[in-house]
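S.K.: model this:
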Amino acid sequence: MAKFKKIVAVDETLLNERALQQLQNLGDEVVIYHDFPQDENIVIERIADADCLLVSFRTPIRRNVLDACRNIRYIGMCCTLYNPESCNVDVIEARKRGITVLGVKDYGDEGVVEYVISELVRLLHGFGGIRWHKDSTELTKCKTGIIGMGKTGRMVADALKFFGAEVSYFSRNRKPEADDAGYTYMPLDELLEKNEIICTCIPRNNYLLGKREFSILGNHKIIVNTSVGPTFDVAAMKDWLNASDGNYYLCDATGMGNVYEDLKSCKNLLYTPYISGKSIQSIERLSQKALANIDYYFQESANK
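M.R.: Numbering: from 1, shown residues only. Now for the predicted structure:
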């Protein structure tokens, strides 16, 4: 059976106990950490001579780490690898060095969709003590725009459509399958202007909403963020939230990223300090897919 010499989970990867036990069979030495290192030197110290690195979306693995940890031959990202340019691992540099980097797809979307629907329903009806309009309203006929029609965006769109919302979308590329399902493509400016609710479902480190975009969006609107970290210029978001009592921003801990201190004074910030994509079911999917990626790596290595 193929094995690594040393496996290091450098931070809290969320792998469940069963998966952690299975890792013991995949490496001669297995070291698991359950916190998040705050310094690159700590990251390097933890990885040391490991040939297999497991990491969440929170810990940067940049060129300096790769330079210092020369034995790495596999990096398992226990998170979604949307694209090499936007993630915390320097995937491009790693692959140049012959290091295999694999991410996990489609493990937490269900919880994210439930979060979007539940928080919108609470706000529209006032179930949580805050109501968007004077009177209670439904999602029915509500004009909703999705920015980013990947897996999460499409699942959010389908859920909103089920509740009767009128859903349109913007994406870098038009999605024929979304068009066929009845979703209307709009350029970004048109989407912002014509919709009451905007949901951003795009890869991290993509900042589409600045002062100009918020001006086009206008007031008495709702923005929901399912992305990892902000999708907007923080100062522009603050100005927009403070411009009208009817402007709301909804996000969970993943969407907030590291900008809570900047936004916490805004009264229409509806922040859920919890990861909506984290559940018993999603952790099981994450764990099994992370292990399957290791199996795939060994199979591919054997075929070379």
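S.K.: Spit out the contact partners of residue 273.
M.R.: Residue 273 is in contact with 252, 253, 256, counting by C-beta atoms under 8 Å, 6 or more residues apart in numbering. C-beta coordinates here come from the backbone N, C-alpha and C atoms, glycine included.
S.K.: Neighbours of residue 166, how many?
M.R.: Using other C-beta atoms under 10 Å as the criterion, residue 166 is surrounded by 19 other residues.
S.K.: can you pull up the bridge partners for it?
M.R.: residue 143 (DSSP bridges).
S.K.: pretty sure it is touching residue 141, no?
M.R.: Yes. Between residue 166 and residue 141 there is a contact under C-beta atoms under 8 Å: 6.1 Å.
S.K.: Arrange the contacts of residue 273 in TSV, one row each, with pLDDT, distance to residue 137 and secondary structure as further columns.
M.R.: Listed next are the contacts of residue 273 as TSV, based on pLDDT from 0 to 100; distance: C-beta to C-beta, whole Å; DSSP: H, G, I helix; E, B strand; the rest coil:
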residue	pLDDT	distance to residue 137	secondary structure
252	96	23	strand
253	93	27	helix
256	94	26	helix
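S.K.: So which of the residues you listed wins on neighbours?
M.R.: By neighbour count, taken as other C-beta under 10 Å, the most surrounded of the contacts of residue 273 turns out to be residue 252 (22 neighbours).
S.K.: tell me the mean pLDDT over whichever strand or helix holds residue 192?
M.R.: When elements are assigned from DSSP states H and E, residue 192 belongs to helix 188-194. Taken as a whole, helix 188-194 has a mean pLDDT of 98.
S.K.: buried stuff in the following helix or strand past that helix?
M.R.: Proceeding C-terminally, helix 188-194 gives way to strand 197-200 as the next helix or strand, assigned by DSSP H and E. Under the neighbour-count criterion of 16 or more other C-beta atoms under 10 Å, strand 197-200 has 197, 198, 199, 200 buried.
S.K.: what comes into contact with strand 197-200?
M.R.: Counting by C-beta under 8 Å, 6+ apart, the neighbours of strand 197-200 from elsewhere in the structure are 116, 120, 142-148, 153, 156, 165, 191-192, 208-209, 217, 221-227, 231-232.
S.K.: same for whichever helix or strand comes after it, what does it pack against?
M.R.: Following strand 197-200 in sequence order, the next helix or strand is helix 211-217 (DSSP H and E). Helix 211-217 is packed against helix 188-194, helix 234-243, with contacts defined by 3 or more C-beta pairs under 8 Å, 6 or more residues apart in numbering; DSSP states H and E.
S.K.: Out of the ones you listed, the one nearest residue 34 is which?
M.R.: helix 234-243 (30.2 Å; C-beta to C-beta).
S.K.: name the helices or strands packed onto that closest one?
M.R.: Helices and strands touching helix 234-243, as assessed by 3+ C-beta pairs under 8 Å, 6+ apart, comprise helix 211-217, strand 248-252, helix 260-263.
S.K.: Tell me the strands beside the second one, with direction?
M.R.: I take that to be strand 248-252. Using DSSP bridges, the strands paired with strand 248-252 in its sheet are strand 222-225 (parallel), strand 269-272 (parallel).
S.K.: And for stretch 53-66, what's in contact with it?
M.R.: Under the contact criterion C-beta under 8 Å, 6+ apart, stretch 53-66 has outside partners 7-15, 36-37, 40, 43-44, 47, 69, 72, 74-80, 87-90, 93-94, 97, 99, 204, 228, 290.
S.K.: which secondary element of the protein has the worst mean pLDDT?
M.R.: Among the secondary structure pieces of the chain, namely its helices and strands, helix 253-256 has the lowest mean (mean pLDDT, DSSP states H and E), a mean of 92.
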